[in-house]
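In: With the input below, show me the fold.
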Amino acid sequence: MQLRRIGETEVSAIGLGGMPISIEGRPDRAQAVNTIHAAIDAGVTLIDTADAYSLDDTDFGHNEELIADALDGMAAEVYVATKGGHTRTPGGGWALDGRPEYLKKAVEGSLRRLDVDEIFLYQFHRPDPNVPVGESVGALAELLDEGKIRYAGVSNFNPAEIVEANEILGGRLAAVQNQFSPSFRSSEPELELCAKLGIAFLPWSPLGGISSAGGLAGGFKEIGDAHGVSPQQVCLAWMLAKAPVVIPIPGSSRPASIRDSAAATHLELTAEELTRLDG
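Out: Predicted structure coming up:
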């Protein structure tokens, strides 16, 4: 498994996105735990979660607790990244709360559910239009100083917000998590900025989301057929080739799918193939 860096820490070049095992349509608990264990067996050392990954407000924190239980007693060193700033509403809706006081309270909840003294990577989930970005990110700076989080990250930020966040954090912004996939390439400017600044870029829904991941076609399928691998592996290998800061975090609810994703770190695409996929 290739390694990449978040801050000064080496992690696997492919992470596991935990969202599918906790939201609507999630698998039973045994399959969810088996998926996490399969990821680790395949060499994955980064698992991404969020306190809001749940069915609704009644089981808020489900994914964090599930991951903590699955990792309990395992000898392998695994780094768990989580996020705060999203809330859940009755009926499964989503809302935002970027107030510093809320984020600090959310961190305490994540520390408890993950059963750790320090969160490896804590990410502000999404800008709240009712709260200046600087105020929300300022809470992350305080959490860093207090030692409650090792690294700070942001999610769903544009380039100007990334620059602002890094300035507020005194150059300590360690990661940016934005949507990026073959069907959603509008985060190229954020990816390029992260590469320039040496900040880890974690594409979420890198295969196009739960409903689209199985439908990669065109060049991805044809190149996959030529290599004898899945188009999903080709997609992730294409992303990894974009910059050494890229760490895709495909979501998975089945052991077979995360094993397939992890294998993408062993796939080398030619310059001609990469140019075709970029088109």
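In: Can you list the low-confidence ranges for the chain?
Out: Residue ranges of the chain with pLDDT under 70: 75, 210-215.
In: hey, where'd the strands end up in it?
Out: In the chain, the strands defined using DSSP state E lie at 3-6, 9-12, 16-17, 46-48, 79-84, 86-89, 93-96, 119-124, 149-155, 173-177, 200-201.
In: Tabulate the ones you listed (JSON lines), appending distance to Ser136.
Out: C-beta coordinates here come from the backbone N, C-alpha and C atoms, glycine included. Converted to JSON lines, the strands of the chain look like this (distance: least, C-beta to C-beta, whole Å):
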{"stretch": "strand 3-6", "distance to Ser136": "20"}
{"stretch": "strand 9-12", "distance to Ser136": "24"}
{"stretch": "strand 16-17", "distance to Ser136": "23"}
{"stretch": "strand 46-48", "distance to Ser136": "19"}
{"stretch": "strand 79-84", "distance to Ser136": "10"}
{"stretch": "strand 86-89", "distance to Ser136": "12"}
{"stretch": "strand 93-96", "distance to Ser136": "10"}
{"stretch": "strand 119-124", "distance to Ser136": "5"}
{"stretch": "strand 149-155", "distance to Ser136": "9"}
{"stretch": "strand 173-177", "distance to Ser136": "13"}
{"stretch": "strand 200-201", "distance to Ser136": "20"}
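In: number of nearby residues for Asp41?
Out: Using other C-beta atoms under 10 Å, Asp41 has 13 neighbouring residues.
In: same check, this time on Ala237
Out: Neighbours of Ala237 using other C-beta under 10 Å come to 27.
In: give the contact list for the nearest residue to it once chain neighbours are set aside.
Out: Once flanking residues are discounted, Ala237 sits nearest to Leu267: 4.1 Å by C-beta to C-beta, 6 or more residues apart in numbering. Leu267 is in contact with His227, Val229, Gln233, Val234, Ala237, counting by C-beta atoms under 8 Å, 6 or more residues apart in numbering.
In: Quickly name whichever of the residues you listed is closest to Phe201.
Out: Ala237 (15.8 Å; C-beta to C-beta).
In: pretty sure the closest one contacts Glu268?
Out: Yes. Using C-beta atoms under 8 Å, Ala237 is in contact with Glu268, at 7.3 Å.
In: Test my guess that Ala95 contacts His86.
Out: Yes. At 7.3 Å, Ala95 and His86 qualify as touching, with contact defined as C-beta under 8 Å.
In: what's Val229 sitting at in phi/psi?
Out: In terms of degrees, to the nearest 10, the main-chain angles of Val229 are phi -130, psi 170.
In: Pull the contacting residues for it.
Out: Ala263, Leu267.
In: Show me what His86 is bridged to.
Out: Leu96 (DSSP bridges).
In: Next, find the distance separating it from Arg259.
Out: 29 Å (C-beta to C-beta, to the nearest Å).
In: neighbour count winner among these two?
Out: His86 (22 against 17).
In: Hmm, the more buried one is touching Asp128, no?
Out: No. His86 is beyond contact range of Asp128, at 9.5 Å (criterion: C-beta under 8 Å).
In: between the two, what contacts are shared?
Out: Common neighbours of His86 and Asp128 (C-beta under 8 Å, 6+ apart) are Leu96, Asp97.
In: Excluding chain neighbours, give the residue nearest to Ala195 in space.
Out: Ala243 (3.9 Å).
In: Now do the contacts for that neighbour.
Out: Leu191, Glu192, Cys194, Ala195, Phe201.
In: and those residues, which of them are in helices?
Out: Under the assignment DSSP state H, those contribute Leu191, Glu192, Cys194, Ala195 to helices.
In: Quick check: of the residues you listed, which lies closest to Ala50?
Out: Looking across the ones in helices among the contacts of Ala243 and measuring by C-beta to C-beta, the closest to Ala50 is Cys194, at 19.8 Å.
In: quick one, helices of the stretch 1-150 of the chain?
Out: 29-41, 62-71, 100-114, 133-146 (DSSP state H, counting those that start in this stretch).
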